[in-house]
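K.L.:
Here is my input, please return the structure:
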Amino acid sequence: MIVRKLRLQRGWSQEQLSALSGISVRTIQRVERGAMPSLETAKSLAAVFEVDQQSLRTGATNMSSQSESSSTLDKPVIADDEKLALQYVKGLKEFYSHAGMYAIFLVSFLALGRFTDPKLVWGFVGWGVGVILHALVAYEVIGLFSAGWEKRLVEKRLGRKL
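P.N.:
As a prediction, the model looks like this:
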C-alpha cells in the first residue's frame, strides 16, 4: 500500500516505476497489494523513492514522517484515511474496467449482428445487471463488503470494539 501511495504522489504508472527501478511490473503489483518485498526489491524501490528501505519492508503504516536515525531519508507514512481513499479509487478503477469490457463486448456483438439467440440477449442482460450492482458497490451506494462491514464482523467475532 505504501508503494502505491508513493507512486501516485509522483504521478507514475506501474510501468514507469518498473522502468525506473528495474523491477518487473508483476513484482510491483504484488508489493502494492501488500506482499513483503525482497531485500533487493526494497533497496531498488527505496532508491527510486528516496526513502528508508526498512520502511518499505515493514509497511511503515505507523512510523513518523521524519527519520529518527541520522539518515536524511524520510520514512513514508500512510494514514488510515489515505488507505481508505486508495481502496475506494481501486474499486472505481475495477468498476470502470468491468463497465468498459461490457461496453466493448456489447458493441462488438451488436456490430456483428449476433443477437439472434435469446440466450445471448439474456446473458448480456444479466451481465448488465452485474455491472449496475458493481457500480452501486464501487460508488458506495450499497455497503457490501465495505470497511465498515469488515469492522462490524471483526468486532462481532471478538465480542468487543476494535
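K.L.:
what's around Glu32, how many residues?
P.N.:
20 (other C-beta atoms under 10 Å). Bear in mind the C-beta positions are built from the backbone N, C-alpha and C, glycine included.
K.L.:
can you check the one 10 residues further on too?
P.N.:
Applying other C-beta under 10 Å, we find 21 residues neighbouring Ala42.
K.L.:
And the helix or strand that contains it, what does it pack against?
P.N.:
Per DSSP states H and E, Ala42 falls inside helix 39-49. Other elements packing on helix 39-49 under the criterion 3 or more C-beta pairs under 8 Å, 6 or more residues apart in numbering; DSSP states H and E are helix 2-10, helix 14-21, helix 25-32, helix 53-58.
K.L.:
Just give me how far that helix sits from the chain centre.
P.N.:
In terms of C-alpha atoms, centre = their mean, to the nearest Å, the centre of helix 39-49 is found 20 Å from the chain centre.
K.L.:
right, and the helix or strand after the one helix or strand Trp122 maps to?
P.N.:
Using DSSP H and E, Trp122 maps to helix 118-138. Counting by DSSP H and E, the next helix or strand C-terminal to helix 118-138 is helix 147-158.
K.L.:
Run through who's touching that following helix.
P.N.:
84, 87, 143, 161-162 (C-beta atoms under 8 Å, 6 or more residues apart in numbering).
K.L.:
Please identify which two of the residues you listed are farthest apart in space.
P.N.:
Gln87 and Lys161 (21.7 Å; C-beta to C-beta).
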